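>>> sequence plus the predicted model coming up.
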Amino acid sequence: MKQKTRKKRLILAVILLVIGFLIVAAGASLLYYNQVDTDSEGYAYSNIYHVNTQAYAFTAYMNEFQASTWAWLGMDTIAQIKYIARNLNPGKELFIGYATTAQSDSYRKSFQCEIPTNWHWIAEPYYAEINITTTVVDGAGAPAALPQTQTFWVTTAQSSDTAVMSYVPQHEQHVWFIMNSDGSSNITADIQIGFKSPILTILPMIFLPLGILLLVGGALLLRKKKDKTKTAE
């Protein structure tokens, strides 16, 4: 019976050591990536796309963000997306807005816009991307109303320097508008997407202590086995 108990203790010690090592390694990896591949706020940034259009707006259709199997933790815990537009047109204030396609399409179609036709965007932990290869100019004329007077916006931002807004598109298609606040044509701006997953900044603080506890537990079980072996001898 004592021999069986010692074997069970040895197996348990090995299991604790292996699991502890894996958890510590995972925590250390996340800690490393959090420091190397993100900024001080935890965001990873996409490449910059340069908008230079003579139209009255640059609008990009954004498909629904596909949440992972961790969605049950809450969207704000697993995904936060930041949309950035740096104004390169001196003397102009930049307006950026986010709206559902269904609510904003009639406004978009009422004036001249430039629209990406062959493109995709990616937002995931430690990586984001904007890939726009072709655009078309659609519609004609100037907007009859300034963008900031519209009531369909989910979120907006205005700045003569850098406009930033945060939003995670869910459940349906959305549109990202980049316009001049005064509704004028000729928009020049650099746009970019930032993404962070707040849970990935929390997990190292859980994994590292837990892994160390498991390693210590496994080491103590091994030591206890060795002590009992010496006593028996």
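Thanks, I have it.
>>> and stretch 178-195, average pLDDT?
For stretch 178-195, mean pLDDT is 95.
>>> off-centre distance for stretch 31-46?
11 Å (C-alpha atoms, centre = their mean, to the nearest Å).
>>> got the buried residues for the helix or strand where residue 7 lies?
Per DSSP states H and E: residue 7 is located in helix 2-36. For helix 2-36, burial by neighbour count (16 or more other C-beta atoms under 10 Å) applies to 13, 16, 17, 19, 20, 23, 24, 27, 30, 31, 34. Where you see a C-beta, it was placed from the backbone N, CA and C, and this is true even at glycine.
>>> distance of the fourth one from residue 188?
What that stands for is residue 19. For residue 19, the distance to residue 188 equals 55 Å [C-beta to C-beta, to the nearest Å].
>>> and the nearest residue to residue 107 once chain neighbours are set aside, backbone torsions?
Once flanking residues are discounted, residue 107 sits nearest to residue 150: 6.1 Å by C-beta to C-beta, 6 or more residues apart in numbering. Torsion angles at residue 150 (phi, psi; degrees, to the nearest 10) stand at phi -80, psi 150.
>>> and residue 42, by the same measure?
Per degrees, to the nearest 10, the backbone of residue 42 is at phi 90, psi 10.
>>> got a list of what it touches?
34, 196, 197, 198, 200, 201 (C-beta atoms under 8 Å, 6 or more residues apart in numbering).
>>> next SSE downstream of the helix holding residue 7?
The C-terminal neighbour of helix 2-36 among helices and strands, as given by DSSP H and E, is strand 44-45.
>>> so which bits of whichever helix or strand comes after that following strand are buried?
Heading C-terminal from strand 44-45, the first helix or strand you meet, by DSSP H and E, is strand 49-53. By neighbour count on 16+ other C-beta under 10 Å, the buried set for strand 49-53 is 49, 51, 53.
>>> what's across from the second one in the sheet?
The one in question is residue 51. Beta-bridge partners of residue 51, counted by DSSP bridges, are residue 189.
>>> wait, it sits on residue 187?
Yes - Residue 51 sits in contact with residue 187 when judged by C-beta atoms under 8 Å, with a separation of 6.0 Å.
>>> any idea how the protein splits into domains?
Annotated domains of the chain cover 2-36+200-232, 44-197 [automatic domain parsing].
>>> any idea which of those is most buried?
domain 44-197 (a mean of 17; mean count of other C-beta atoms under 10 Å).
>>> name the helices or strands packed onto the helix or strand hosting residue 157?
For residue 157, the host element (DSSP H and E) is strand 155-159. Other helices and strands packing on strand 155-159, by 3 or more C-beta pairs under 8 Å, 6 or more residues apart in numbering; DSSP states H and E, are strand 94-100, strand 162-166.
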